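In: the sequence and its predicted three-dimensional model are supplied below.
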Amino acid sequence: MKYCPSTLSEGYNTYSSTALKRVFYGKKVNHVLPFSPPQLDEKVAEDFRQNRKQMSISGVQIKQSMRLEKNQLQLVEEGQQGLYILKPIPHRETIGQVLDLPANEHLTMQIARQVFKLNVAECAIIFFNNGEPAYITKRFDIAPNQDISGKSVFKKIGQEDFAALSGYTSENRGAAFKYEGAYENIALLMRKFVPAYSVEIEKFFSLVLFNYLFANGDAHLKNFSLQQTPQGDHILAPAYDLLNTRIHIENDTAMALKDGLFIDDYETKSFKANGFYAYDDFFEFAQRIGLNEKRAIRILQNFRTEHELIKTFIDRSFLSEKNKSRYYAFYQDRLKAINYSFEKRI
């Protein structure tokens, strides 16, 4: 190992001091867990095989809660508070290129944070004692606190995803309820519930752009949330579950939500002419959700610029060599789309 399995910084054979501070509260945590990976129950695998029509990567991942005892990560037992979510490699029959799933999510999250400065959940790659990798992420809905005696405790932060805010459930919308609507619907809900809308909507716009640019076809309603602040109002929660789904799912769609960017079946001239989202679509989307035009253009410019660090992080990632090439090729494909303007705006 030549790179930090969290920040991907060069010159480390374990977690860097920056990673330990961000992910593990400054404690010296080993990048190898003292136990073997769990196996996915066969019934879960069979349930997945029976529901392939609406394929969701998040739906096939095992998620285990973990806590930090001194410098040791441990699986949570009944009555204990989990501080981390561990995602091992799921059952081998679930999706394509499954061995690269942890590395994919980790890489995508690091690019989001370090290249595009998005607010994302802290995360890392961690290894079982047999060498198999897993993805681990620090919960951001739990905050360190102190009780009246001064003892360290953890406080739950109020959070609600946009499926819940939309009132969508499997009972009233069917099994694919989290894929209903358009991203403009999320913006409308943010306008209703977020006092600092002008600030938070720019973060949302950037996140929608990022998901498109890095081919995250699983950015559904439950993967966007509002979080309560200490003052009692709401802001956009840190981004989570970011990954390039085209690595794992053939013919993956450009957008997770059924109606894409816009409500009311709206289509730009660009989309009508070409059948894919390009610069004009995101410029129009920014206008419809209330972004200042100059700010929208500046944000778009950031995402349509090829940053050298992206290739660097891909090369340093824990992806297989084959999927490093595919990841970069898929990114280049979307970058080309975002740099196309039917109306010659750029």
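Out: Great, that's in hand. Residues are numbered from 1 along each chain as shown.

In: who touches residue 291 in this structure?
Out: Going by CB atoms under 8 Å, 6 or more residues apart in numbering, residue 291 touches 201, 202, 205, 299. Backbone N, C-alpha and C define where each C-beta goes, glycine included.

In: run through who's touching stretch 182-198.
Out: With CB under 8 Å, 6+ apart as the criterion, stretch 182-198 contacts 162, 165-166, 200-201, 204, 208, 221, 224, 226, 233-236, 255, 257-263, 285, 288-290, 292.

In: and the contacts of residue 291 as a markdown table, adding pLDDT?
Out: Shown next, in a markdown table, are these (pLDDT from 0 to 100):
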| residue | pLDDT |
| --- | --- |
| 201 | 98 |
| 202 | 98 |
| 205 | 98 |
| 299 | 98 |
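
In: would you turn those residues into TSV with distance to residue 158 and neighbour count?
Out: Compiled in TSV, those are given as follows (distance: CB to CB, whole Å; neighbours: other CB atoms under 10 Å):
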residue	distance to residue 158	neighbour count
201	20	21
202	23	20
205	24	23
299	28	19
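
In: closest one of those residues to residue 251?
Out: residue 205 (26.9 Å; CB to CB).

In: quick one: that closest one and residue 287 touch, right?
Out: No: contact between residue 205 and residue 287 fails when scored by CB atoms under 8 Å: they sit 10.7 Å apart.

In: identify the contacts common to the two.
Out: Here residue 205 and residue 287 have residue 296 as joint contacts, going by CB under 8 Å, 6+ apart.

In: the closest residue to residue 173 other than its chain neighbours: neighbour count?
Out: Excluding the flanking residues, the one nearest residue 173 by CB to CB, 6 or more residues apart in numbering is residue 180, at 5.5 Å. By other CB atoms under 10 Å, 17 other residues sit near residue 180.

In: average pLDDT across stretch 208-223?
Out: Stretch 208-223 carries an average pLDDT of 97.

In: ok, now stretch 19-31?
Out: What stretch 19-31 shows for mean pLDDT is 97.

In: using PDB, list the CA coordinates for that stretch.
Out: C-alpha atoms of stretch 19-31 as PDB (Å, rounded to 0.1, in the frame of the first residue of the first chain):
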ATOM      1  CA  ALA A  19      -7.700  10.600   8.000                       C
ATOM      2  CA  LEU A  20      -7.500   9.600  11.700                       C
ATOM      3  CA  LYS A  21      -8.700  13.100  12.700                       C
ATOM      4  CA  ARG A  22     -11.500  13.300  10.200                       C
ATOM      5  CA  VAL A  23     -12.800   9.700  10.300                       C
ATOM      6  CA  PHE A  24     -11.800   8.300  13.700                       C
ATOM      7  CA  TYR A  25     -11.900  11.200  16.100                       C
ATOM      8  CA  GLY A  26      -8.100  11.400  16.200                       C
ATOM      9  CA  LYS A  27      -7.700   7.800  17.500                       C
ATOM     10  CA  LYS A  28      -5.000   5.600  16.000                       C
ATOM     11  CA  VAL A  29      -7.200   3.000  14.300                       C
ATOM     12  CA  ASN A  30      -5.700   0.100  12.300                       C
ATOM     13  CA  HIS A  31      -6.700  -0.200   8.700                       C
END
